[in-house]
Structure formats: structure tokens, C-alpha cells
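Asks: Mind folding the following:
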Amino acid sequence: MRKLFKNTIRSRFFILLMTISITALVGVAGILLFTQSVKSDYLEQREVLTDKGNVLRDMERNVTQMVVHMRGYAAFGNDNELVKSEQFKHKLESEIVAYKQLGLSEQENILVDEMEIFVDKYWNDLLPLMKPFIQTNNYESLKEASKYTSSTIIVSNLLDEIAEGTDDIEQQLSNSHESFLETVDNMNYLLILFLAIIFLVLSLASRNLTKLIVTPMSDLSKASQRLAKGEPISIDRLNRTDELGTLSNSFADMASQIKNREDHLSEQNKQLTLQAEQLVNTKRTLERFNQMNHALSITQNEQELLDQVIGDLAVIYRFDLGILFTIENGTFATVGIDREKYRNDVDTYFSTAIHRLQQNGQAFVTKRQVEQGEAGYYFEEKSYDLHAPVINANNDLIAVLVCTRVANPFSLSEQEEIKGILNRVSLSLEKINYFVQTENSRQLNQDIIDNINEGIQFIDEEGYLVQYNQKWLEFFYLYNGEMETDLHLEQRCSWLEKVAVHVKSRDAFIAYIEKVIRTEGQGGTNYQFEVKNGTSNVLTVYAEAVYRQEKRIGTLFVYRDITAEYEVDQMKSNLVSTVSHELRTPLASVLGYTELMISKELKPERQERYLKTIHKEALRLTNLINDFLDLQRMESGYQEYKMENVNMVELAEDVLDRFRINNPDHTLRVIDHSNFSSVQADPQSIVQLYTNLISNAIKFSPNGGDVVISFNNSNNHLYIHVSDKGIGIPDNELKRLFTKFHRIDNSSQRKIGGTGLGLAICKEIVEAHNGKIAVRSELDKGSVFTVTLPLDPTISRSTVKVENQLLPEIVLIEDDTSLSQLLEDELKDSGFYVRKYANGEDVLRHLEHLSPDGIVVDLMLGDGIDGWEIIKAVKNHHHLEEIPIFISSALEQKEKGEKLGVDHYLTKPYPPNKLSTVILQTMLQYEKRGQILYANEDEDINNNPPS
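Replies: This next block holds a predicted model:
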């Protein structure tokens, strides 16, 4: 055990730690115990002195009270004062007894003796002497007796001695406290000194421990760090038997072993690094082979294939230059070569090599001197060019690989490997060739079906949409991109939901398609349906099952647009209906009246009435037949027109005169604003044109009203407007209005009757005169038919005016450029001259010089002057106050409009023809009275002027 303590660091450290700990513990315990003893003595002494002081103060108070009450007794003879004095005497005697028990000093014992003598003398000697004088109230004798007894002096001396005793006790308390504090300070200094000694001992111990432990450990730590970094180390072996000696010697042995093993591992690492580099190269080569195999397997583009192959071969076989090209179409890919050099006729540069490869089909290598451009830092080295063929299954040369290495010849094994790779390239090129041929055939088929007028759609047995053509997309208002991204991905027949969006009888159409797809033997069926998207088209679909090797693989649907045929059928139906009504009715009247005249004797007056009726119905039949014949001649091109100079205004007045007699409920008038109204025309055809238009205007105004024909012209054209205030025409009927036999599908208009030929004849007449006819209408508001005819060329060239002096002028105030252009085009087509302004400031600047026939104003005109201010300014100019104002705005400010006389409310957006219609109606039907018209989003334009 003793030897163990000498040979271990742990035992030395333990003994040192225990010695210091015990010494510190004993020292601190002794100081604490001594301090506690001093404190106990101080508290005990303080308690005794405090009790003495309290007793002396009580004795001083009792003596004072006893003497005071005694003097009260002497002064007043009051026995109560004597009793109180006696009570304080007893208290004083008790305090004296208590004071004696406190361990008195000699001086304090003398004070106690004097107190006892004073009490005895005061009560046993002085009181009996004075009591008779007090009882007899003999104060003079009492005073004389007091002088000789000196009681006051005795009391004063006694109180002074008590006070001195009290002060002495206070002084002792103070001295005791100061002594205690001094003792405490000394103990603190002693404790500090003791701790300093302990610290010094620890420092010395630490210094020894540093030499013993820390220094050797630091040396070991530095040595281990150098060892970890691979640096050489040198450790002196320690002649010690403790732990550090063992550790240091073991570390030295371990470092030596590590050095030996490190040298061994370093040698092995060099070998492994070499093997790793070989593996990396092998891996890269395999990756390149994999990439090339992947390209050979999936690439469908010849150029991409050649680029991939030549790039991978250049990395695998490390050649410096290379080109791979096809024989047939000259596609090529290069490595280290300028592509522009071989862009045209690449095979001409290698014609000799191609000829040799075609002859024997074997690869060959040529050895030559390195050229200046490819030598680089090689000097007087040789270059090796490998020419390798790509042979197809028919043993034909389809491609050639030419690659070059400088100072590095191609081995036979490399040539064989390249040959094997090129065999796979041959297969891939043939596959791409087949794919291209197939794709071209597929595209040709798709182009063929895209260029036929029928819509074609093929659906497989699972309901997938496999193929379709452009016409099919057009029939259903679909887009090619939408089909490719959406419908081909839809399962089963769910694509039908998107396709059938515009089909009128949607559910029936879907049911038909699903039934044909899912039911065997449904081929050869037809289905007719209607598709609507703004316009309405009638389609028919024919379905036929498709079989391959007697197995049904899908269904082919062929869609055909039969709108024209459908409309022809409708025309036939209308024709039959018209003939039934327009022919049979007058024939029935003629036959009926004729049978009456044959079978009965009639009065002459009655016979005359019957004959007039028969004549009228015969004329009706004649007109109907003439309409048929005229339209047929016009459509076939056999109608003859005798062109001459015709005054269109005078001819219109003549036609109106014929209608005024039989139509008293209608006001028929002509408004002529034209400077020139002569055109080259056939008078009979123009009369027929006027007759049909005026007849329709009267017929479709059953409640009467104005029928106005207005004329105005530009330099080259005459504009004729025929307006009425009738029942109007629905918007969806306007496009087909000039189709023969077409009659508006409206119960109120069906009652009016007609053949449906009048407007078709009007269109043929106008177009035969190189003109145009158009209609603008609103339900329950009326219609305006506009005919545009070229003026007589000789007259139009001889006198030319600017258009704003010829046509009705409209001032258009609109800040939106696109909308402004749209409205301008519409108004010009309606026969107006348009003057445009984009802001209110320009309008106000020119307002004094303007004399328009109408003003169209937007209420919101940017940050400047708004439409309301322009309207107020117009009303304040006398020459403009009667001009009608048409408000076109996105705002709705009814209250403000009412103050300025706004009649009705046209809120954006609205069709441009609505604006031209209300302007035409206002100008043709009403006088200029300063109307303001403004239509809202809830009602159509109302062109009634304010009353």
C-alpha cells in the first residue's frame, strides 16, 4: 500500500488534497468557535448591564415620585398624597432588592446602602418630625424644621448618584460593544490570513503538480497533434513509474507503430488510387456507353443520334477530330471540326474513302504527317485517321465515321469495338428511317383528313378520343391546343362534356354518341343536331364501326355541315307555306266569285263588285308570280337592266304618292339633304326597290306613324335611308333578313303575311347597281334600311365638295381610341361624316365654329373637362341648342341627367349599330329640338325625344 501511494499520481494528489482540506477545515472551525464564544460573552454582559440600567432608571423615577407626593402631602395636608408616596416607597424598596441580586460592584453596593439609609431616614426620622406641623397646618414651624433637616439636599444628592450610576452603566455598554467589534475585526483579519496561507499552499502544490503532470501532458498533447497531422515526432522516454510515465512510454511505442503502419498504408493507398482511377475511367466509359445505348434505343431524330454517338465515341476512344455523316441525306455531326466547312455536300470531301468502303466494307486506318493546324505542341508526330463504315441489313453503306488521333494509333481491339458500336448505329438509323416514313405517312393522312369538308373523329372501344381533324374542331368551336392537352387525356367518354358545350340538344347528343360506342352493331346510323355559338349550324353525324381482323377496334364518326341544305329545306317549307297561302287564298276568292256569277243571276252592281274583287286577286297572283320570276332571273343573271340617268328623289316622291292614297294612318315624307341625287339605274328596278321597302315599312307599322325617306350624299355615293316606327326586327333575324323565302319567326309578324321575297329582290337590285343595302332595327322602336348607290360618274366629278358639306355631320367626343375608331366606322357606313375629338378642351375651343347634325359625347374624358360640362356649353350656344345630343358612357347619373333633360339611358358596353340606329331614327323621325339621349344597362336605346 505504501509503495502504491509513492508510485501513483492519484495517491499523491489524494494525500495533498486531504491535507489541505483538513487543515482548512480545522482552521476555519477554530475561528468560528472562538468568534461564537466572544459573541456569547458579549451578549451576556450586555444583558446584565441593560438590566442594571433599567433598574436604576426605575429607582430614580420611584424616588422622584415618592418625594413629589410627599411634598404634596406637606403642602396641602392631603392624606392621599401620603398614601401615594408610601406606594412609591414600597416600589423603591422592591427595586433595591432586585438591584442587589444583579452582581453589584463596590461602587454600586455603596449606592444601594445610601439608598436604604435615605429611605429609612426619610420615613422614620423626617416624616414623624414634620407630620404634627402638617396636621396642625403650622407651616412656619414646618419650614423651620425643614431648614434644619436638609431633606432637599439629601434628595438631590441621591438622584445625582443614581444618574451617575446610570451613566456609568451606559459607558460600560459602549465599551463592551467596541471591544466586541474589535474582537470581530481581529477574527476577520485572522481568517483572511488563514485563507492566504491556504492559497499559498495551493499555489505551491499546483506548481509541483504542473511539473509533475501538466508539463508532460502538454508535451504528449503536442506530440499527438503532430502525429494526427502526419508530422514526425520525437518523445523522450520518462524514467517514472506512475501513470504519466506509463502513458508517455506507451505513446512513444504507439507512435512508432503508427509510423510503420502509415508507411505500409501509404504504399497500399498508392496502389488503390491507381485502381480507383482505372475504375473511374471504366465508369465514365460505361456511362458513355449507357448514354449512347440509351440514345440508340430511344432517339427518333437522326441529327440528335449522330451528335450523341460522335460525342460519346470521342470521349471513349479519345480521338482529337471526328465526323460521322450519312450517305443518303448528308446529315453529319463533328468533334473538333468547323461545321461550316462541311455544311454543303459533305460526301464530296470523303468521296475516295466512301468509294473504298463501298467496295470492301472494311474499316481502314491511314497514317500521315500531322498538319500544321492540328499539330499543336506535337512536333514531327504522325496522325492516324480511322475510316469506319456503317452497313445496313442489305449490306449497303449508309453512313461513315472518320476520326483522327495524333501520335496515338488505333489498336485492332479498338477498331473491333468501334465496328460493333457502328453496327448498332446502323440499326438505329434504319429504325429512325422507318419512324420518319411512318410519321410522314401519318402526317400525310392527317393532312388529307384535315383538308376535307367533313369532320372526322375516331373513338376506340374504351371511349378514348384517338384521332380527329380540324373541321371537327371547327364544327364544335374548339381549339386544337385544347384538344391535345385535355381531351386526349380524358378517360372514357368524359371528353363529351367539353365537346357538347355548344350542342343545342346536349343530353340527346351525348346519349347517341355513348350508345354508338358501347353497343355492338350500331354502325351506319345517322343523327342530326344543332350547334350554336352566336350563329346556328345544323350538323349530321354518321357512325360506322371499324374492325381489324374481325375484331371491333373503335367507331368512326363523320360529321357534315348541312346548314345550307337545312336552310334550303326551310326555304322549301316556307315556299310551300307561302304558295299555300299566297296562291290558294286569291284563287279561292276568284273561284268562289266566278262560281257565284255562273250559277246565279246577280245584280249589275254586285257583278261589278265581284269582278273588281276577281281583278284585284288576279293582280295579287300576277305580282306574286312576277316576284318569283324576277328573283329567278336576277339570280340566274338573265335580268336585263336599262341603265339611264335617274333622279332618285323625284322617283321616290312618285312612288310615295301611290301609297299616300291607301294609307291615311301613315305619314309618308321625303327629306332631301343631298346635293346630287342622280344615279345610273334602271327606273323600273328602282321603283320596285322603293315599292318593296316602303310597302314593308307600312306593313310592319300596323299602328301608323311616320315613314321617312331621307337622302344625302358624299362625293361618290348617294345614301338613301327608309325609316319607320314599326314593330322592329329581332337582332338574331337581321343576318338572314335578305334571304329569299325567309320570314321572321315572330307571331305578331307572322300575322302580317308576305312571301319573303321582297327584301331578297331589293338586295339583288341594289347589288346589280353596284350598291349596298343594310338594315338597323330595334324591337318596338322601328327600323332603318340604308341603300348606298354610286352617283352618276359625270355629275360626281364635275362638282366636288368636301364630305362634311355633303353628309350629315356627327361630332364624336370619345377618349378611348379603339372605341372611337369602332364608332367612327359604324357611323361612316351609315352615311355620316364624323368629326372626332379625344378631350373636352379641344371641343370647347372649336365649339363656336361647329354646326353638326348631332353630337355623341362620353361623360368621362380623362382628368380634364367632362361630358356634362360639354353638354352645358353646347346648350349655352344659340346655334347649337337645337342639336340632338347622344350620350355614350359607362357612368349612370340619372339625377344629373334629368336636370339637363336626359330622356332615356345607352351604357357601355353596347353594339355600335345601336348608336347608329338611334341617331338615324332621331334624325329621320324627329326634328332637331335639342334632345339628349342616354340609355342605361337595363333597357335598350329609347329614341323618343322629350315632350
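Asks: what separates P730 from L779, distance-wise?
Replies: The gap separating P730 from L779 is 6 Å, by Cβ to Cβ, to the nearest Å. Every residue, glycine included, has its C-beta placed from N, CA and C.
Asks: ok, now K259?
Replies: 110 Å.
Asks: now swap in K725 and tell me
Replies: 12 Å.
Asks: next one: V687
Replies: Counting by Cβ to Cβ - V687 and L779 are separated by 30 Å.
Asks: Compare these two (neighbour count), which wins?
Replies: V687 (16 against 13; other Cβ atoms under 10 Å).
Asks: In a strand, A388, correct?
Replies: Yes - under DSSP: H, G, I helix; E, B strand; the rest coil, A388 falls within a strand.
Asks: wait, isn't it in contact with F410?
Replies: No - in this structure A388 lies outside contact range of F410 using Cβ atoms under 8 Å: 9.6 Å.
Asks: out of those two, which sits in the more crowded spot?
Replies: More neighbours surround A388 than the other of A388 and F410, with 24 against 19 (other Cβ under 10 Å).
Asks: longest strand of this structure?
Replies: strand 535-548 (DSSP state E).
Asks: Quick check: what element follows that strand along the chain?
Replies: strand 551-561 (DSSP states H and E).
Asks: Which strands and helices lie in contact with that following strand?
Replies: Counting contacts by 3 or more Cβ pairs under 8 Å, 6 or more residues apart in numbering; DSSP states H and E, strand 551-561 packs against strand 455-460, helix 470-475, helix 506-518, strand 535-548.
Asks: Kindly reformat those as a markdown table containing distance to F700, mean pLDDT and mean neighbour count.
Replies: Putting the helices and strands packed on strand 551-561 into a markdown table (distance: least, Cβ to Cβ, whole Å; pLDDT from 0 to 100; neighbours: other Cβ atoms under 10 Å) gives the following:
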| stretch | distance to F700 | mean pLDDT | mean neighbour count |
| --- | --- | --- | --- |
| strand 455-460 | 40 | 90 | 20 |
| helix 470-475 | 36 | 88 | 18 |
| helix 506-518 | 36 | 87 | 16 |
| strand 535-548 | 24 | 88 | 16 |
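Asks: can those go into JSON lines with extra columns for distance to D815?
Replies: Below are the helices and strands packed on strand 551-561 laid out as JSON lines (distance: least, Cβ to Cβ, whole Å):
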{"stretch": "strand 455-460", "distance to D815": "45"}
{"stretch": "helix 470-475", "distance to D815": "38"}
{"stretch": "helix 506-518", "distance to D815": "44"}
{"stretch": "strand 535-548", "distance to D815": "33"}
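Asks: Show me where the stretch 351-500 of the chain has its strands.
Replies: Taking DSSP state E, counting those that start in this stretch, the strands of the stretch 351-500 of the chain run over residues 364-369, 382-391, 397-406, 455-460, 465-468.
Asks: Using neighbour counts, pick out the buried residues of the shortest one.
Replies: Residues L465, Q467, Y468 are the ones in strand 465-468 that count as buried (16 or more other Cβ atoms under 10 Å).
Asks: strands paired with that strand, and their directions?
Replies: Strand 465-468 pairs in its sheet with strand 455-460 (antiparallel), by DSSP bridges.
Asks: do the same with the second one
Replies: Applying DSSP bridges to the sheet, strand 382-391 is found paired with strand 364-369 (antiparallel), strand 397-406 (antiparallel).
Asks: Between the ones you listed, which one is closest to H846.
Replies: Nearest of the strands paired with strand 382-391 to H846, taken as Cβ to Cβ: strand 397-406 at 78.5 Å.
Asks: How far away from the center of its chain is that closest one?
Replies: For strand 397-406, the separation from the chain centroid amounts to 55 Å (computed by Cα atoms, centre = their mean, to the nearest Å).
Asks: now do stretch 381-399
Replies: The answer for stretch 381-399 is 58 Å, by Cα atoms, centre = their mean.
Asks: can you tell me the distance between the two ends of it?
Replies: 29 Å (Cα to Cα, to the nearest Å).
Asks: Flag every buried residue along the helix or strand that contains L693.
Replies: Using DSSP H and E, L693 sits in helix 683-699. Residues of helix 683-699 classed as buried under the neighbour-count rule (16+ other Cβ under 10 Å) are 683, 685-694, 696-699.
Asks: Mind checking what helix or strand follows that helix in sequence?
Replies: Following helix 683-699 in sequence, per DSSP H and E, is strand 705-713.
Asks: what's whichever helix or strand comes after that following strand packed up against?
Replies: Heading C-terminal from strand 705-713, the first helix or strand you meet, by DSSP H and E, is strand 717-723. Here strand 717-723 touches helix 648-660, helix 683-699, strand 705-713, strand 782-790, helix 912-925, going by 3+ Cβ pairs under 8 Å, 6+ apart.
Asks: in the fourth one, what's buried?
Replies: It stands for strand 782-790. G782, S783, V784, F785, T786, V787, T788, L789.
Asks: Give the other helices and strands that that strand contacts.
Replies: strand 678-681, helix 683-699, strand 717-723, strand 772-778, helix 912-925.
Asks: Nearest to T817, out of the ones you listed?
Replies: Closest approach to T817 among the helices and strands packed on strand 782-790 is made by helix 912-925 (14.7 Å; Cβ to Cβ).
Asks: what angle do the closest one and strand 772-778 make?
Replies: Between the axes of helix 912-925 and strand 772-778, defined by axes from the mean of the first three to the mean of the last three Cα atoms, to 10 degrees, the angle is 90 degrees.
Asks: which helices and strands sit right next to helix 912-925?
Replies: strand 705-713, strand 717-723, strand 772-778, strand 782-790, helix 817-829, strand 854-857, strand 885-887.
Asks: what's the angle from it to strand 782-790?
Replies: Using the same axes, to 10 degrees: helix 912-925 against strand 782-790 is 90 degrees.
Asks: so T739, which of the three states?
Replies: Three-state call for T739 (three-state DSSP): coil.
Asks: quick check, nearest of the buried residues of strand 782-790 to L286?
Replies: Using Cβ to Cβ, those come closest to L286 at T788, 81.6 Å.
Asks: who touches the closest one in this structure?
Replies: The contact partners of T788, taken as Cβ atoms under 8 Å, 6 or more residues apart in numbering, are H717, L718, Y719, I720, G771, K772, I773, A774, G831.
Asks: hmm, try it at 6 Å
Replies: T788 sits next to H717, Y719, G771, K772 when contact means Cβ atoms under 6 Å, 6 or more residues apart in numbering.
Asks: now V503
Replies: With Cβ under 6 Å, 6+ apart, V503 has these contacts: F509, F529, V531.
Asks: can I get those in TSV with distance to F557?
Replies: What follows is the contacts of V503, written out as TSV (distance: Cβ to Cβ, whole Å):
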residue	distance to F557
F509	11
F529	12
V531	14
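Asks: from those, which single one is nearest L850?
Replies: Lowest distance from L850 to the contacts of V503 (Cβ to Cβ) belongs to V531, with 49.7 Å.
Asks: Could you list the domains of this protein?
Replies: Per the record, the chain has its domains at 2-186, 299-434, 452-561, 568-636, 640-803, 808-947, by automatic domain parsing.
Asks: will you turn those domains into TSV that also has distance to R226?
Replies: Listed next are these as TSV, based on distance: least, Cβ to Cβ, whole Å:
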stretch	distance to R226
domain 2-186	25
domain 299-434	44
domain 452-561	69
domain 568-636	107
domain 640-803	100
domain 808-947	83
